[in-house]
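>>> Below are the sequence and a predicted model for it; my questions follow.
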Amino acid sequence: MKKWKIRSVAALGLLVAVHIVLSRFLSLNAWNLKIGFTFVPVFAAAYLFGPLPATLVGGLGDLLGAVLFPIGPYFPGFTLNCALTGLLFGLLLHRRQSVSRVMAATILNQFGLSLFLTTLWIAVLYGSPYWPLLLSRIPQSAILSVLEVTVMLALSRAFRPLRQWAQAGGRQLS
């Protein structure tokens, strides 16, 4: 098993904290939709560190956010979605990042995880009928797909020096 450097663990802890802030304080929430930038720290963890760290950032960010700053009842399905988003981003975007991979990760995230699974969790949690709820969430997934692709492509350019740092094990680069 690969040893994690202290700086890498600290960076992942900061990404979890950013996830909590973005999710709990800087997102627009309604009972059936959520618009925010919680994908950014998960993408950063995936891009810089890989699938397992991104899964942990997504899952722990949601779990700790729900415990520390609850917004409604806790439901583990949402935490599963956040962790799966990290895994998906990590598998598709770590070390093999391209426009087509960013688009694939976003489409799978928004239309696979967010649209179908999150809708299922909302239907179970609130007793709402699944198909009408799913139809009402399609515009959100379409809009957020465009937003996510745009932000991820911009961040991937900005993160290139950080990626070199992360690949060097957190050591200072010359």
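Sure, I can see it. Residues are numbered from 1 along each chain as shown.

>>> leaving aside the residues next to it on the chain, what's closest to the residue nearest the centre of the chain?
Centroid check for the chain by Cα atoms, centre = their mean gives residue 39 as the closest residue, at 3.4 Å. Closest residue in space to residue 39, ignoring its immediate chain neighbours: residue 148 at 5.7 Å, by Cβ to Cβ, 6 or more residues apart in numbering. (Each C-beta comes from the backbone N, C-alpha and C, glycine too.)

>>> Also residue 65?
In this structure, residue 65 finds its nearest non-sequential neighbour in residue 20, 4.2 Å apart by Cβ to Cβ, 6+ apart.

>>> repeat for residue 26
residue 36 (6.3 Å).

>>> low pLDDT regions in this protein?
1-4, 31-32, 165-174 (pLDDT under 70).

>>> can you give me how far the longest helix seen in it is from the chain middle?
For the chain, the helix with the greatest residue count under DSSP state H is helix 130-158. Here helix 130-158 shows a centroid-to-chain-centroid distance of 12 Å under the convention Cα atoms, centre = their mean, to the nearest Å.
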